Structures are given as structure tokens and as C-alpha cells.
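J.: I need the structure of the sequence given here:
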Amino acid sequence: MADLSIRKVLEQVQNGQLRIPAFQRGFVWDADRVAYLMDSIHKGYPFGALILWRTKEQLKIERQLGPFKIPDREADFPVDYVLDGQQRLTSIFGVFQTEIETELHEDDAWTKVYYDFQAEKDVQESQFLVLPDDQVDPARHFPIGSFFDVSGFRAATEGLSAPQLEEIDRVQAVFKEADIPVQMIETDDRAKVAIVFERVNRMGVELDIFQLLSAWTWSEEFDLQDKFADLAEDLKPFGFAAVGEDSNLLLRCCSAVIGGDATSSGLLGLNGAEVRDRFDEITNGIKGAVDFLRSNLKVEKLDNLPYPTLIVPLAVYFAAPNAKSVKVTNDQRDELVRWFWRACFSRRFSAGVLRNLSRDVAEVLALRKSGTPGIANIPWSVDRELFTESRFTAGSVATKTFILMLAQYDPLSFVSGSPVALGDVLRHYNRKEFHHINPQKFLKGQGRDIADVNRLANFAIISASDNKTLGGTAPSGYKSKMPAKSLDKILASALCPLSVFDDDYEAFLIARGDLLVDAAKTLAS
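T.: Modelled structure (predicted):
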């Protein structure tokens, strides 16, 4: 079978020919991986072939293609089931298709991929990124989902400058001309298909960097995968088992500790014997980073971090053969804390990750060796709009930064006035622990939509039980259910203005936004 163009992929999914067998796992790629696939296609990098199984008989049980329900096939059409390449196929279809609505409650945020006109034209850094609607700058970000939609593309190009039009035409042409390699198996023998699928997913998978490094570092006494599994167990009691399970993060820590370089080339250049000899140093660095985050920033698990990458420079700082040999002065601790907050508020690791990481690793080594402050000297700013325009989305950088910021001010219960059990809140990290200051029912009664209700500035660390007690009334209505003697302290601990009880939502957003900005500047200064 000939290779498939992207347009052909769109057509074959839409007419029901390309399908997903039930024995495949679901779509698991995150937004970053989708964006990097688009970058690979754009740069002409190999991104793997699809392995398809063509059969005359349609399976009784199938999977959706990610959040998309595949239409029934047309009569007398063959069926091509995807044995390998489902994540790539789903990503390509999701980004470029405009015909099929996503199923109810399915996440499709990852489909909104943009070309960044201002991104560095670099062989390694991605020029594509996934953005929520409120972070899109039309003068900078172009929606590539319009590339195969004539009217959509025409509308998206309105307002672009002549150089931008020329540039986006070139980018579009690459995607229109791109071909996806295909290997086809034509058989109705289910046993043969099962063997192929097993070998593709167990024996024939190309080695990734982790597997390569595991092979290079292996000895009878040392297995890197076992060592990482042991580290996960060591960190589990502290809520950070996920660090030991994130092979990409751990490899970056290895490379940064040993060679001061966290890039892919740095990973591939690691010496196996040195990794074995210095592995205690690496694990001590990671454990030291975790302890620093827990002790100084109230981070209780990896998922609390706006960026897992923040661990890498800290691991470099604390890396040593003896876990207790690295001392932290008050000035050094303050510098690391400032860097942490500035990196979060500036969205430092959303773009230019490797360049920024390399710089931070060099600066953290200087801080450790000579006490030279410099790692926190990075561009950053914070304004009211971060809190009043961003929406509360548990997995977003803005929300995670906001929640950690609230935690630094030791919030008190709105009902009892006693300290909130922050450890439990951050370990669980789910929506039940965070509720609206101006209740949904109250605001919806004013005709406000859910986006308006869910602004970051309208949230606080309020338990489900406290929220139930307060009810859905206006703040002036639930004020009587709060302890009068502790009222000022409760509001101050939540960075909430007393004017909340005026029931003026717009004025409240401005007042609380200003309080949050002041608090953010205090943390990062």
C-alpha cells in the first residue's frame, strides 16, 4: 500500500475505513507530545510508520479514535485496523480534522495546536505548542488545524503581515505534502494478527533513550530500571513515587548531575560506568530536591509542580555522594525559592525548555560552589490578569502555581477558622479541595457563564464540607456562618478582600487580583 497523505488520513477516518481494534489501548498522549509530533512532521524528521491490518470483516467491538467516534464504514469498503501508530494517527486526525465533533465529556484541548511565529528556528526546540483560548495571541500564534480547511485557513490568515503570510504558506505546504509511511498486513487470519500485534508491542518496538541508557549502564550488579524502581519506592512515603516512575525526568537529572547537560545529546553521551559509579550522587540529588520542595514550598507530590522540570536544577544542587554533605545557607535557600517562583510566574519551562534548563543548571552549580546568586535573575512579571482572566483547570501551569501560592499563606477553614490540613489537600489535589468564593449558584443567578464563574481569582482552598456548609448563597449571606472573631484572619489567609461581602463580583475580582499580585511579588522578590 502507498504511504498516506494527511488529507487521505482525514478522508479514511471520516469514511469509516481507518479504525481502532478493541485490543489497542486508548489515546494517552499529552499536549506536548502532540505538539512535538507536529514539529517533527514540519522539520521532516522520521516519526514512525503505521502498521495496518486490512480485513473484509469488521470487528464487533472497537475503540474510538481518542475523543472521536469513527463513523460506520461505507458499503463494500475494506477495513484497515491500526496495529501500531494509534497515538500518531489520533494526534494527526485530531489536530487537522473539522468534520467530527468530540464525544461529550472527552478532552480535546490537545487538538488546539499553534505555530509560533516567534519561536526560535532551532533543530531541537519545537515551533508548535498547544494553548488554551485565553493564551492565544493571533499576531503570534497560528492555528494549524485550519491547514486543510479552505475557509478556515482564509479566515485565520486575515490580519497577518506579508512576511507572516509567506511563512505560514510554507509551513502549510509541508503538511500538505507530508506522507505517513504505512506497512499493510492483509489477512483474515486472527491468529496471525494477534502474533503481529504482540511482536510490535513487545519485541519490535524501537529502543527509546531510557532503554538505550539501561543497556549501556547494565552490569551484573547494576540495572538502571531496577534502580529507578527502587528510587520510586524510597520516595513513595513522601508522596513522590511518580518522580521515580518518570524515566524522562530521571534521565535529565542523571545527565545534568553528571555532565551539567540535560539535553538529548547529553543523555546519549553519558558514560555507562560513570552513571553506575555516581548513581548514589544522583539519587541523593533527587531526594534532596524533593525534601527542599516539601520543606520550603509545601509541595507534596510531583503533580503539585507546575513543571516537573523544576526538579532538575534542584537535583544538581543537592547531588553529592553523601546525602548530608550539601549545606544550604539562608541566602542560598532564598535564592532557590525566588528562582522557583519566578520560573513559575514567567512560564519558564513552557518554551525554550532546554536552553533555559541549561542556563539554570550552570547557575545552580555556581550558587552551590561559591554562593554566587544568579539563578533567580530571570525575566519575570505577574499581573492581575493572570488571576482574573485564567480559568481554574487542575492540570494547568497557572492553576498549579496559584494553588501552591495560596498554600504558602497557611489558609484557615472558612467555617471553623482552624488551619487547613494542607498536606492532605495537596496530596489529594482534586477539585473537592478548591471551591468558589462567590458560589456558582449565586453567580449563575446573575446570568454569568461558567467561564466567568471559574476565574482563578474566584477560588480558594475550601473543603467540600466547608463549601456545603456555606451553601450557594451570596457571600453576604454565608458571612454569618463564618466565625466572627476569626473573620479577618480567615480572609487574610485566603488572600481575600473584605469587600467580598459587598456581593459585587467585578469589584471583587479586581480587589482580589491585586491582593494576589502583591502576594506573588512577595514570594518572588
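
J.: Residue 430: how many residues sit nearby?
T.: Other residues within reach of residue 430 by the criterion other CB atoms under 10 Å amount to 9. C-beta here means a position set from N, CA and C on the backbone, and glycine is covered the same way.

J.: Compute the distance between the closest residue to it other than its chain neighbours and residue 428, please.
T.: The spatial neighbour of residue 430 that comes closest, neighbours along the chain excluded (CB to CB, 6 or more residues apart in numbering), is residue 394 at 7.2 Å. Applying CB to CB, to the nearest Å, the value for residue 394 to residue 428 is 11 Å.

J.: where's stretch 4-15 relative to the chain centroid, distance-wise?
T.: The chain centroid and the centroid of stretch 4-15 are separated by 29 Å under CA atoms, centre = their mean, to the nearest Å.

J.: At which residues are the helices of the stretch 201-350 of the chain located?
T.: Assigned by DSSP state H, counting those that start in this stretch, the stretch 201-350 of the chain shows helices spanning 209-217, 224-235, 241-245, 247-259, 264-268, 272-277, 279-297, 311-318, 330-345.

J.: Now do the third one, average pLDDT.
T.: For helix 241-245, mean pLDDT rounds to 85.

J.: tell me what it is packed against?
T.: helix 224-235, helix 247-259 (3 or more CB pairs under 8 Å, 6 or more residues apart in numbering; DSSP states H and E).

J.: now it, how far from the centre of its chain.
T.: Averaging C-alpha positions (CA atoms, centre = their mean) puts helix 241-245 16 Å from its chain's average.

J.: ok so, going back, out of the helices and strands packed on helix 241-245, which one sits most buried?
T.: Across the helices and strands packed on helix 241-245, the average number of neighbours (mean count of other CB atoms under 10 Å) peaks for helix 247-259, which reaches a mean of 23.

J.: Next up, the contacts around the closest residue to residue 319 other than its chain neighbours.
T.: Of all residues not flanking residue 319 in the chain, residue 285 sits nearest, at 3.0 Å (CB to CB, 6+ apart). Neighbouring residues of residue 285 by CB atoms under 8 Å, 6 or more residues apart in numbering: 253, 257, 314-320.

J.: Just the residues contacting the helix or strand where residue 41 lies, thanks.
T.: Here residue 41, judged by DSSP states H and E, is contained in helix 31-43. Identification of contacts with helix 31-43 by CB under 8 Å, 6+ apart yields 46-47, 87-88, 91-92, 94-95, 109-111, 113, 123, 126-130, 144, 171, 174-175, 178.

J.: related to what we said a few turns ago, would you list the helices and strands packed on helix 241-245 in TSV and tack on distance to residue 335?
T.: Converted to TSV, these look like this (distance: least, CB to CB, whole Å):
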stretch	distance to residue 335
helix 224-235	25
helix 247-259	18
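
J.: looking at those helices, which is closest to residue 183?
T.: The closest of the helices and strands packed on helix 241-245 to residue 183 is helix 247-259. By CB to CB, the value is 27.5 Å.

J.: which residues of the stretch 101-250 of the chain score low on pLDDT?
T.: The stretch 101-250 of the chain contains residues with pLDDT under 70 at 104, 190-220.

J.: What segments of it are strands?
T.: Assigned by DSSP state E, counting those that start in this stretch, the stretch 101-250 of the chain shows strands spanning 113-116, 128-130, 141-143, 179-180, 182-186.

J.: and those as CSV, adding distance to residue 473 and mean neighbour count?
T.: Output for these, formatted as CSV (distance: least, CB to CB, whole Å; neighbours: other CB atoms under 10 Å):
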stretch, distance to residue 473, mean neighbour count
strand 113-116, 41, 22
strand 128-130, 38, 22
strand 141-143, 41, 21
strand 179-180, 56, 16
strand 182-186, 60, 15
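
J.: Quick one: buried ones out of the contacts of residue 285?
T.: 253, 257, 314-320 (16 or more other CB atoms under 10 Å).

J.: The closest residue to residue 164 other than its chain neighbours and residue 27, how far apart?
T.: Leaving out its chain neighbours, the residue that sits closest to residue 164 by CB to CB, 6+ apart is residue 117, at 6.0 Å. Residue 117 sits 29 Å away from residue 27, going by CB to CB.

J.: so where is the chain shaky, pLDDT-wise?
T.: Looking along the chain with the criterion set at pLDDT under 70, you get 1, 23, 60-61, 104, 190-220, 264-265, 267-272, 431.

J.: for the residue lying farthest from the centre of it, helix, strand, or coil?
T.: For the chain, the largest distance from the centre (CA atoms, centre = their mean) belongs to residue 76, which lies 42.7 Å off. Here residue 76 is recorded as coil under DSSP: H, G, I helix; E, B strand; the rest coil.

J.: same thing with residue 473?
T.: What three-state DSSP gives for residue 473 is coil.

J.: residues contacting it?
T.: For residue 473, the contacting residues are 439, 441-442, by CB under 8 Å, 6+ apart.

J.: Take these and write them to TSV, including neighbour count and secondary structure.
T.: TSV is the format used below for the contacts of residue 473 (neighbours: other CB atoms under 10 Å; DSSP: H, G, I helix; E, B strand; the rest coil):
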residue	neighbour count	secondary structure
439	21	coil
441	13	helix
442	21	helix
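
J.: And stretch 5-22, end to end?
T.: For stretch 5-22, the first-to-last residue distance is 25 Å (CA to CA, to the nearest Å).

J.: mind checking how far it is from the chain centre?
T.: 28 Å.

J.: again, but for stretch 437-456
T.: The chain centroid and the centroid of stretch 437-456 are separated by 26 Å under CA atoms, centre = their mean.
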